[in-house]
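Trainee: test case, fold it:
(chains A and B)
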There are 2 protein chains.
Amino acid sequence: MDLKQMNRLFKPQSIAVVGASNQVGKIGHTVVKNLLESQYDGKIYPINPKDAEVQGLKAYKSVLEVPEDIDSAVITVPASLVEQVVEECGKKGVGGLIIITSGFSEVGNRDLENRIVEIARRYGTRIQGPNIVGTMSNSNKMNASFGPFLPFPGKATLISQSGALLLAIDASTYTRGIGFDKLISIGNMSDIDFADCIDWLNEDEDTTCITLYIEGFKDGRKFIESSRVAKKPIIALKSGVSAHGAAAAASHTGSLAGAAKVYGAAFQQSGVVQASDLDNLFNRTLALSLQPPMKGDNLLIITNGGGVGVLATDAAEHSGMPLRFAPPELQTELKKHMPEFGSAKNPVDLTGMAGLEWYYDSIRYSFTHPWVDGICVLYCETAMTDPMEIARGVKQALDESGVKDKPIAVSMVGGERCTKAMRWLVDNGIPSYGAPDTAVNGMAALREYYRMQAMLKEPLETRREFDHEAAIKIIEHARADGRDSLTEIEAKQVFSVYGLNVTATHLATTEEEAVQLSTKIGYPVVMKIVSPDILHKSDAGGVKVNIKDEAAVRDAFRTIMTNAKAYRADARIHGIAIQEMAPWGTEVILGSVNDPTFGPTMMFGLGGIFVEVLKDVTFRVAPVSCGQAERMLGEIRGAPILMGVRGEKPRDRQALAETICAYSTMILDLADEISESDANPVLVYEEGKGVKVVDARIILKKK
Amino acid sequence: MDLKQMNRLFKPQSIAVVGASNQVGKIGHTVVKNLLESQYDGKIYPINPKDAEVQGLKAYKSVLEVPEDIDSAVITVPASLVEQVVEECGKKGVGGLIIITSGFSEVGNRDLENRIVEIARRYGTRIQGPNIVGTMSNSNKMNASFGPFLPFPGKATLISQSGALLLAIDASTYTRGIGFDKLISIGNMSDIDFADCIDWLNEDEDTTCITLYIEGFKDGRKFIESSRVAKKPIIALKSGVSAHGAAAAASHTGSLAGAAKVYGAAFQQSGVVQASDLDNLFNRTLALSLQPPMKGDNLLIITNGGGVGVLATDAAEHSGMPLRFAPPELQTELKKHMPEFGSAKNPVDLTGMAGLEWYYDSIRYSFTHPWVDGICVLYCETAMTDPMEIARGVKQALDESGVKDKPIAVSMVGGERCTKAMRWLVDNGIPSYGAPDTAVNGMAALREYYRMQAMLKEPLETRREFDHEAAIKIIEHARADGRDSLTEIEAKQVFSVYGLNVTATHLATTEEEAVQLSTKIGYPVVMKIVSPDILHKSDAGGVKVNIKDEAAVRDAFRTIMTNAKAYRADARIHGIAIQEMAPWGTEVILGSVNDPTFGPTMMFGLGGIFVEVLKDVTFRVAPVSCGQAERMLGEIRGAPILMGVRGEKPRDRQALAETICAYSTMILDLADEISESDANPVLVYEEGKGVKVVDARIILKKK
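Mentor: Here you go, the predicted model:
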């Protein structure tokens, strides 16, 4: 990443405003006014072809006339003039351009957008936008946008693909009391995208949490790479999950790979916490921007009301952090700070009689207790207590505990006094929420973040040895044959190249060859027609199973050939596949798509009805490490089946995970060739006995 | 319901405060003060044994000394004095008692609680509480509680089982801007429970929506009965769904019937809308209290920002109301009120250029369009528009459209100006929310309410003819035998009494009898050991299937007997069941529990792995109508399997639904006898070919 130019763009010492104006209502007027009002302390150079002065500042006819260096230029002139301005900025050596102007790719004007990017690249200038609101930065006292004011100050930075939403969020930060250091509008992402921003924000000392509003990536892999190495929590709301993926698909996997699942997989493997909706994005941002990650599952809830305690308990279970009883010695200590009818189990119910002291004592003690991984403090407004006093007590207990590596969140249910107390808590670094469920969900975000970070520390799979050329050769043979898919035998050959254990399958073109191959493979065998023109082999009478001897092979060979010709007289017939008949095992499906955003992406699910009816599948962008593959096995609803149910022995999950790794290596290595693929079914045997791919399918990319 | 006394309790013309005091800090002081401050316009009679005057009001030594009638008495004296006070109130003819005092069943003091209820019943006096905050009513200007003020006024009434939460909610109604007419604290529900309140509120002209915070019912069936006939929306938040149901269960069904599922089923069949958490309870209450139900699925979204439009689209799909494209003629009209690059499809994107007029025109036109069932208006704060102006435009469009039977909700994302505009909208009867997802969820509540109301109009199943005595006789025979469960044959006999189609199964005590029965039933048959001491028949080598002739029957009879004796020498053996071998069908499971709250409750799921691993089951409280039974079939994730997958014909869903009805009749009729039961598997054949219960199990209630 070009850190220097990004720095000049996002933290400029000097800003030119191209199209700066004295005319109220013009965006070039608003931007200059906003920079002045936000008390930006760098230099501002209004660029205006006519006026000598703009809003009291000396103006220049062109950036080229400005005597000093310009770090960043906000461009507000009409789209038709932007090309020339970019050229001039390039010549001037401007670091980055904030192109507010719209009328580019968002209205189909792709060429113009490509041209300005080309010019900027020639000069090493970065582009933010076009079609954006601009950038707002509290730490820089810089409102380089047409939004009316800087956001409510805080430690998160929002990157938004929607300008309108960014503007609305800007205003709502004040009513919500959730603070941001920066709001960055990235619009068309002609040059700078989410990944670039993440790389830069990773080094930005004023940002503790990176908050994303995403409509769609251009380059999903770049995003994953940047997110994986980020040292700060990233939280994302992906919108538009209901539309995508409706296109016709040629494989099972293709038909199941919707945006929600593939983006979800990508977030999962790049350590990005997900938000379920806009409120959730804000609420989780608050926790992630203020508190350390939660390193274990032991959440302690301290409350003055049974009702909110129960609601928080439900929420904890719902968020995948079911509460556990506090250990006895912790309970004994907590019992000292509550009346007889209180409860020290968890939730710790101090009862409605709880005042400042009980809260203080129980929080302070619990926070230092090694069993406790995080605390959620709940408070119901009562007549006898002052919420602000409770808030101060929480803060004091925290400070005096000396603990800095465990998270805490507070919920206060009540009126204006609670709102004020919660504002005070947030100002003091403690996330606070109006409902107990929301506070617990904030803690869950801190837990998810930690879990994913731990996972990212696992080594990524190193590629194994395989013969790329051999695979390409098989594929080229099919292409030379005018086909855009491989036959089952070819697909299995490709699978074998990458170390997948496929059923021995060979092509017999004559009856004699069929007999020889059957003897070699060993009875019983399966026989299947091999024809690029017969896709549904069973329907054509082209499949015979459990063939036990030579006579049966001869008989099957003739029958299949006769059936195939009857089914379709002009079918090109390669011959008949003689295949080892694999013993029964648990059926699973592996598959891949070449996702338009993320590239080669793996799918795993249980076979048969599980995939067909329940769509019980999970995804990962390739490559998939063995650790991730194991997680995939645990993610489906039918996961217990692989653990052995109804008295069956556990299945060979390790072999299956390794198969997923190898498969992912294959689709990555052949990313330019394979469009979609399925291994269905894959039979999984009991522990130590491996897996066997019984049927295979590879659809090629059109070239 | 005793409407008259309930009226006197909740809308009293006169209130006595027993324990009224001049001493600040006493609850009896607070209640009198609150009644005065809320400007209660009925008569207040402080009851105090010593003071002649309380807070300027003439006081009496006892209610018996008050010369006029007393409608309602708030009781604040210590628990030990309550019994006497209730007696005096009874004598005085007080209509209802608001017993704030705690120290009853909630601390184990059940006897005292039972005694006061007994006294009150003797006099026809109703009791609210004990252990409550009291009642707050805006329409009555009555704060008969120790809570500091009446809630933010509105049209919903909250009934809360938690006093602390009610107090906290009271304060938070102001910060949330979500209004209530009444807050009713029902505490221990010694007499008046949720159902009583619903009955009464159903007639209360000041309440348009009944909002419930539930920890647990005493009598689930009474709740269902009251809710089913309510003419107003009821919305419920049930807390404590994570703890319940952990007790050991003797059947599949028992182990799957958790509080969340059974309460969820009860809400579903009584037309009660559910809330997922506290925020959701408030947000849905707002929509339900202000807007009519949504009668169809066509939700139109009108927005000035693409981003919030997409978020709303996602939320609509998530809420089970996926958006549809607006019909062409509607699009054509809408296109007139937006710029070229706007979209009229749905979401209708008026673009950021949208001002008052475009909003007004598009809302007014759409609202009268027959295709539109409801509208969600989204607004992102922009510099060029005034949120209040947009708000007024929405209201005006609504008023001038003349449409009153379609719902609308608004979301404004922005700052303080939006907050004010949203308050204004709420004041004018239009629910408004700070996030688009929340507004859509509010509309979804209105849709769910309508759907459930339509369902409640279906006739409830009338009971069929059956021979109750015959069933009891079978059960009594088992009880006489010292057993608390029926044998498979007995259970099938009971099932048959209620019209369930079971596999023909008869008991053979000798080899000869086995042969005779097999011939009668027809080969092939299944043979199973029948012994109250052998529960796991297969493990004991006690099951043989697919027995095709007499020789095989004889052989199986001897083998099973030998195996059974080897398995457990002292087992009591009734004989061997000879059973018709049913042809293959789709396996499902039916079952029942006698839920501690709701009584006889049905379960339905797909058999085998679906129930064992995926726990893919659904519940209904008996009786289950055929309409409800059909809904159950559609509710499980595996529902498509019954529609016919992989080329199979559709299953006989009608016969299955009828079987569920009949089963529910059985468990209701035998509610005093059956504790749990399973029919597992039940085989479902293709359409028109019915179902067959293959195995049956009935566990009796301990007597």
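
Trainee: going by C-alpha atoms from here, please, whenever you check contacts or count neighbours.
Mentor: Will do.

Trainee: where do the strands sit along the stretch 101-250 of chain A?
Mentor: Using DSSP state E, counting those that start in this stretch, the strands of the stretch 101-250 of chain A run over A:126-128, A:134-137, A:142-145, A:153-160, A:180-185, A:209-214, A:234-238.

Trainee: any chance of those in TSV, plus distance to B:E113, mean neighbour count and mean pLDDT?
Mentor: Listed next are those as TSV, based on distance: least, CA to CA, whole Å; neighbours: other CA atoms under 10 Å in any protein chain shown; pLDDT from 0 to 100:
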stretch	distance to B:E113	mean neighbour count	mean pLDDT
strand A:126-128	71	26	98
strand A:134-137	63	27	98
strand A:142-145	66	29	98
strand A:153-160	53	25	97
strand A:180-185	54	28	98
strand A:209-214	54	24	97
strand A:234-238	52	24	96
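
Trainee: could I get those strands as TSV with distance to chain B?
Mentor: Formatted as TSV, the strands of the stretch 101-250 of chain A follow (distance: least, CA to the nearest CA, whole Å):
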stretch	distance to chain B
strand A:126-128	19
strand A:134-137	14
strand A:142-145	12
strand A:153-160	10
strand A:180-185	13
strand A:209-214	9
strand A:234-238	9
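
Trainee: and of these, who's closest to A:E53?
Mentor: strand A:142-145 (18.9 Å; CA to CA).

Trainee: quick one: strands adjacent to that closest one?
Mentor: strand A:134-137 (antiparallel) (DSSP bridges).

Trainee: what about A:L517, distance to A:Y523?
Mentor: 10 Å (CA to CA, to the nearest Å).

Trainee: which of the two has more residues huddled nearby?
Mentor: A:L517 (20 against 17; other CA atoms under 10 Å in any protein chain shown).

Trainee: let me see the mean pLDDT of the helix or strand hosting that one.
Mentor: Per DSSP states H and E: A:L517 is located in helix A:511-521. For helix A:511-521, mean pLDDT is 94.

Trainee: report all helices and strands that that helix contacts.
Mentor: With contacts defined as 3 or more CA pairs under 8 Å, 6 or more residues apart in numbering or on different chains; DSSP states H and E, the packing partners of helix A:511-521 are strand A:505-508, helix A:550-567, strand A:575-580.

Trainee: immediately after the last one, which helix or strand?
Mentor: It refers to strand A:575-580. Downstream of strand A:575-580 (by DSSP H and E), the next one is strand A:586-595.

Trainee: near chain B, anything from that following strand?
Mentor: No: against chain B, strand A:586-595 shows no contacts by CA under 8 Å from any CA of the partner chain, the least distance being 12.6 Å.

Trainee: and that strand, which strands flank it?
Mentor: strand A:599-606 (antiparallel), strand A:674-684 (antiparallel).

Trainee: quick one: the last one to chain centroid distance?
Mentor: This points to strand A:674-684. From the chain centre to the centre of strand A:674-684 is a distance of 24 Å (CA atoms, centre = their mean, to the nearest Å).

Trainee: if we can go back for a sec, for the helices and strands packed on helix A:511-521, which one ends up most surrounded?
Mentor: Among these, strand A:575-580 has the highest mean neighbour count (mean count of other CA atoms under 10 Å in any protein chain shown), at a mean of 25.

Trainee: tell me the helices and strands packed up against that strand.
Mentor: Contacts defined by 3+ CA pairs under 8 Å, 6+ apart place strand A:575-580 against strand A:505-508, helix A:511-521, strand A:525-530.

Trainee: buried sites along stretch A:481-500?
Mentor: By 16 or more other CA atoms under 10 Å in any protein chain shown, the buried positions in stretch A:481-500 come out as A:483-500.

Trainee: please report the distance of the closest residue to A:I214 other than its chain neighbours from B:I127.
Mentor: Nearest residue to A:I214, sequence neighbours excluded (CA to CA, 6 or more residues apart in numbering or on different chains): A:K238, at 4.8 Å. Computed as CA to CA, the A:K238 to B:I127 distance reads 52 Å.

Trainee: again, but for A:I178
Mentor: A:I178 sits at a distance of 45 Å from B:I127 (criterion: CA to CA).

Trainee: which of the buried residues of stretch A:481-500 come close to chain B?
Mentor: Filtering the buried residues of stretch A:481-500 for proximity to chain B by CA under 8 Å from any CA leaves nothing.

Trainee: could you list the low-pLDDT ranges of the stretch 101-250 of chain A?
Mentor: Along the stretch 101-250 of chain A, segments meeting pLDDT under 70 span A:243-250.

Trainee: which residues in it form helices?
Mentor: Under the criterion DSSP state H, counting those that start in this stretch, the stretch 101-250 of chain A contains helices at A:110-123, A:163-176, A:194-201, A:220-229.

Trainee: do the same with the stretch 251-400 of chain A
Mentor: With helices called from DSSP H, counting those that start in this stretch, the stretch 251-400 of chain A shows them at A:252-256, A:259-269, A:278-290, A:306-318, A:328-335, A:356-368, A:387-401.

Trainee: out of these, which gets nearest to chain B?
Mentor: Closest approach to chain B among those is made by helix A:306-318 (5.4 Å; CA to the nearest CA).

Trainee: angle of the closest one against helix B:163-176?
Mentor: Put simply, helix A:306-318 runs at 80 degrees to helix B:163-176, going by axes from the mean of the first three to the mean of the last three CA atoms, to 10 degrees.

Trainee: mind listing what's buried in helix A:306-318?
Mentor: In helix A:306-318, counting by 16+ other CA under 10 Å, buried: A:G306, A:G307, A:V308, A:G309, A:V310, A:L311, A:A312, A:T313, A:D314, A:A315, A:A316, A:H318.

Trainee: please apply the same query to stretch A:370-389.
Mentor: In terms of neighbour count (16+ other CA under 10 Å), stretch A:370-389 has its buried residues at A:371-382, A:385, A:387-388.

Trainee: with stretch A:42-52 instead?
Mentor: Within stretch A:42-52, the residues scored as buried using 16+ other CA under 10 Å are A:G42, A:K43, A:I44, A:Y45, A:P46, A:I47, A:N48.

Trainee: for stretch A:158-169, give me every contacting residue.
Mentor: Defining contact as CA atoms under 8 Å, 6 or more residues apart in numbering or on different chains, one finds that stretch A:158-169 is touched by A:131-133, A:147, A:180, A:182-188, A:194, A:197, A:210-215, B:305-308, B:352, B:380-382, B:413-415.

Trainee: go on, stretch A:32-44?
Mentor: Contacts for stretch A:32-44 (CA under 8 Å, 6+ apart): A:12-17, A:20-21, A:46, A:55, A:57, A:140-150.
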